[in-house]
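Participant: Pasting the sequence and the predicted coordinates here, then a few questions.
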Amino acid sequence: MLDSLQIANLPIAWILAALAGLLIFLVGGAAAAGAMLPEKHKTTRAARYRKRAADLFAIVAGPSDWRPEVRKYELLPPANGRPRFRETSARDGAMIYEVVESRPPRRLVTRIADDSLAFGGSWTFELLGDAEYTELRITEDGEIHNVLYRFLARFVFGHATSIERYLKALGKKVGEDVKVQA
């Protein structure tokens, strides 16, 4: 066992090499674990609001600049007959989405329209309820191509984090404190 005097006498290059080796081992292990995880995942979360489905649908289908992480929202020209928009956030940068399906006030499906990203997929918004409450259920059908990001999404961030943030931000938008349900 090395004591502090012996450690002080080790060449600094050896210590740096050991730290670099440890970092490579950790990143390599995370990438190997990520490679064993499935590329695709499905996650659903829901919250209830004291709003009519039509009122919530108008917010969900409209500009998303009410969300704290969205710095800029832009409508884009349609592609293949599908409406498109771009959201810019500090965390993810600019991402283009397309509306795959829109059936007001009950269902909206959007998809990331950039296949060059390390991740992709769609969100299905389902609005269920009566005149007093509406439950908004969001299902993410996601795919993560990058194995390291796949590991981080599964074990560090969680697949449902973005949906949970969205549902809570919508609650703030409509003046409610909501509980997210799995």
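Facilitator: Nice, thanks for sending it over.

Participant: Please count neighbours and contacts with C-alpha atoms only from this point.
Facilitator: Will do.

Participant: Regarding the residue most central in space within the chain, what is its secondary structure?
Facilitator: Closest residue to the average C-alpha location of the chain: S162 at 3.8 Å, with Cα atoms, centre = their mean. Put simply, S162 is helix when judged by DSSP: H, G, I helix; E, B strand; the rest coil.

Participant: got it, and L22?
Facilitator: Counting by three-state DSSP, the backbone at L22 sits in helix.

Participant: on that earlier part again, tell me the pLDDT at the residue nearest to the centre of the chain?
Facilitator: At S162, the pLDDT value in this model is 93.

Participant: State the distance from it to L127.
Facilitator: Distance of S162 to L127, computed by Cα to Cα, to the nearest Å: 18 Å.

Participant: next one: K179
Facilitator: 16 Å.

Participant: Surely L170 is within a helix?
Facilitator: Yes: checked against three-state DSSP, L170 lies within a helix.

Participant: and the nearest residue to Q181 once chain neighbours are set aside, what helix or strand is that in?
Facilitator: Counting by Cα to Cα, 6 or more residues apart in numbering, Q181 lies nearest to A46, which is 5.1 Å off, once chain neighbours are set aside. Using DSSP states H and E, A46 maps to strand 40-49.

Participant: wait, what's in contact with P68?
Facilitator: Going by Cα atoms under 8 Å, 6 or more residues apart in numbering, P68 touches A169.

Participant: again, only using 10 Å
Facilitator: By Cα atoms under 10 Å, 6 or more residues apart in numbering, the contact list for P68 reads 89, 165-166, 169.

Participant: Buried ones among the residues you listed?
Facilitator: When these are checked for burial by 16 or more other Cα atoms under 10 Å, the buried set is 89, 166, 169.

Participant: quick one: the first one and S64 touch, right?
Facilitator: Meaning S89. No: taking contacts as Cα atoms under 10 Å, S89 lies outside contact range of S64: 11.1 Å.

Participant: so what sits against both of the two?
Facilitator: Counting by Cα under 10 Å, 6+ apart, the shared contacts of S89 and S64 are 70-73.

Participant: Buried members of those into PyMOL, please.
Facilitator: Filtering the shared contacts of S89 and S64 down to the buried ones (16+ other Cα under 10 Å) takes a single PyMOL command:
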select buried, resi 70+72+73
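
Participant: and V156, how many residues sit next to it?
Facilitator: Using other Cα atoms under 10 Å, V156 is surrounded by 10 other residues.

Participant: No further questions, thank you.
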